[in-house]
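> Sequence and predicted structure below; questions after.
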Amino acid sequence: MKTFLATLILVLLTVTAAIAGTAALTWTPVTAWPTTETDTGYNIFYGTTSGNLSTVVSVKGGATGTYVITGIPDDGLTKYFAITTWQHWTESAKSAEVSKLFPIIPLILNPPTNLIVK
């Protein structure tokens, strides 16, 4: 148990810009878990207000250190992300928050053609 809790401190989280509407997250996986452990994983929290991360995505399996969240609205708002690690019924505290701006993608319209003046 002490090894598990001490290892939680090592979880790092970064968000990199991928394509519009996605957040590609990477972190340093917890290494203290047995490789055969199936009841472990990460909870990724995100939201539009720092400190109030209301959406949760659960990633099962402790070996992974990446996850891509898709379908995030390009609404001009900054989204904040944090991660916890869990094993069986125990969950760590949240990591430090990271953020990414999801800019509004302008709609590009083709101009009318064949304009004539007489």
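Happy to help now that I have it.
> what about the helices in this structure?
2-8 (DSSP state H).
> which residues does Ser58 bridge with?
Beta bridges link Ser58 to Asn43, judged by DSSP bridges.
> So which bits of the longest strand seen in the chain are buried?
In the chain, assigned by DSSP state E, the strand with the most residues is strand 77-87. Within strand 77-87, the residues that qualify as buried by neighbour count (16 or more other Cβ atoms under 10 Å) are Lys79, Tyr80, Phe81, Ala82, Ile83, Thr84, Thr85, Trp86, Gln87. All C-beta spots, glycine's among them, are computed from the backbone N, C-alpha and C.
> Any idea how many residues pack against Leu109?
6 (other Cβ atoms under 10 Å).
> roughly how far apart are it and Thr66?
Per Cβ to Cβ, to the nearest Å, Leu109 is found 37 Å from Thr66.
> Centroid-nearest residue for this structure?
Leu25 (4.9 Å; Cα atoms, centre = their mean).
> hang on, isn't that one packed against Thr66?
Yes. Assessed by Cβ atoms under 8 Å, Leu25 is found in contact with Thr66 at 6.8 Å.
> sorry, back to before: so for the longest strand of the chain, what's the average pLDDT?
The average pLDDT for strand 77-87 rounds to 93.
> who does that strand pair up with?
strand 40-47 (antiparallel), strand 90-91 (antiparallel), strand 98-102 (antiparallel).
> roughly how far is it from the heart of the chain?
The chain centroid and the centroid of strand 77-87 are separated by 6 Å, computed with Cα atoms, centre = their mean, to the nearest Å.
> same check, this time on stretch 92-102
8 Å.
> sorry, back to before: for the buried residues of strand 77-87, which one is nearest Ala96?
Ala82 (7.1 Å; Cβ to Cβ).
> Ramachandran angles for the nearest residue to the closest one once chain neighbours are set aside?
Nearest non-adjacent residue to Ala82, counting by Cβ to Cβ, 6 or more residues apart in numbering: Lys94, 4.2 Å away. Reported as degrees, to the nearest 10, the phi and psi values for Lys94 are phi -70, psi 150.
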